[in-house]
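Novice: Give the three-dimensional model of this entry:
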Amino acid sequence: MARRYVSNYLTIREDSASAHKLLGQALEQLGEKEKALAQYKCSLELESKQQDLVLKGRVNYVMCTLLNHWLFTYSFKHEF
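Specialist: Below you'll find the model as predicted:
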């Protein structure tokens, strides 16, 4: 429901960084990670000084890097 309201609001105020961020949060809760990331990116492009989103991006980058490293290491130790 929140997703629909925020999406409607963005048709009127597409330059609202806070609305893009809120939509990103709603999408993330629904498991739509790629769409959420696109909304977070749009929010940061409109207002770059959002420390919580900058931190979230850094944490996600570190987690992805660690996961990729683990998968790469695991694949060489355990051939399929």
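Novice: Tell me where the model's unsure across the protein.
Specialist: 54-55, 57-72, 74-80 (pLDDT under 70).
Novice: the helices in it, which residues?
Specialist: Assigned by DSSP state H, the helices in the chain fall at 2-12, 17-29, 33-46, 51-77.
Novice: For the first one, buried residues please.
Specialist: When burial is assessed from 16 or more other C-beta atoms under 10 Å, helix 2-12 yields the following buried residues: 3, 6, 10. (C-beta placed from N, C-alpha, C; glycine too.)
Novice: residues contacting the first one?
Specialist: Counting by C-beta atoms under 8 Å, 6 or more residues apart in numbering, residue 3 makes contact with 23, 26-27, 30.
Novice: do residue 42 as well
Specialist: Contacts of residue 42 (C-beta under 8 Å, 6+ apart): 17, 20.
Novice: Residue 46 now?
Specialist: Contacts of residue 46 (C-beta under 8 Å, 6+ apart): 15-17, 20.
Novice: State the distance from the residue nearest to residue 15 when sequence neighbours are not counted to residue 30.
Specialist: In this structure, residue 15 finds its nearest non-sequential neighbour in residue 46, 6.1 Å apart by C-beta to C-beta, 6 or more residues apart in numbering. Going from residue 46 to residue 30 by C-beta to C-beta, to the nearest Å gives 22 Å.
Novice: swap in residue 38?
Specialist: 14 Å.
Novice: Buried ones from the contacts of residue 46, can you make that a PyMOL selection?
Specialist: Buried members of the contacts of residue 46, defined by 16+ other C-beta under 10 Å, are picked up in PyMOL with:
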select buried, resi 16+17+20
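Novice: nearest to residue 50, of the contacts of residue 46?
Specialist: Of all these, residue 17 has the smallest distance to residue 50: 7.1 Å, by C-beta to C-beta.
Novice: thinking that closest one is in contact with residue 49, fair?
Specialist: No - counting by C-beta atoms under 8 Å, residue 49 is not a contact partner of residue 17; they are 9.7 Å apart.
Novice: on that earlier part again, highest neighbour count among the contacts of residue 3?
Specialist: Counting neighbours by other C-beta atoms under 10 Å, residue 23 leads the contacts of residue 3 with 25 neighbours.
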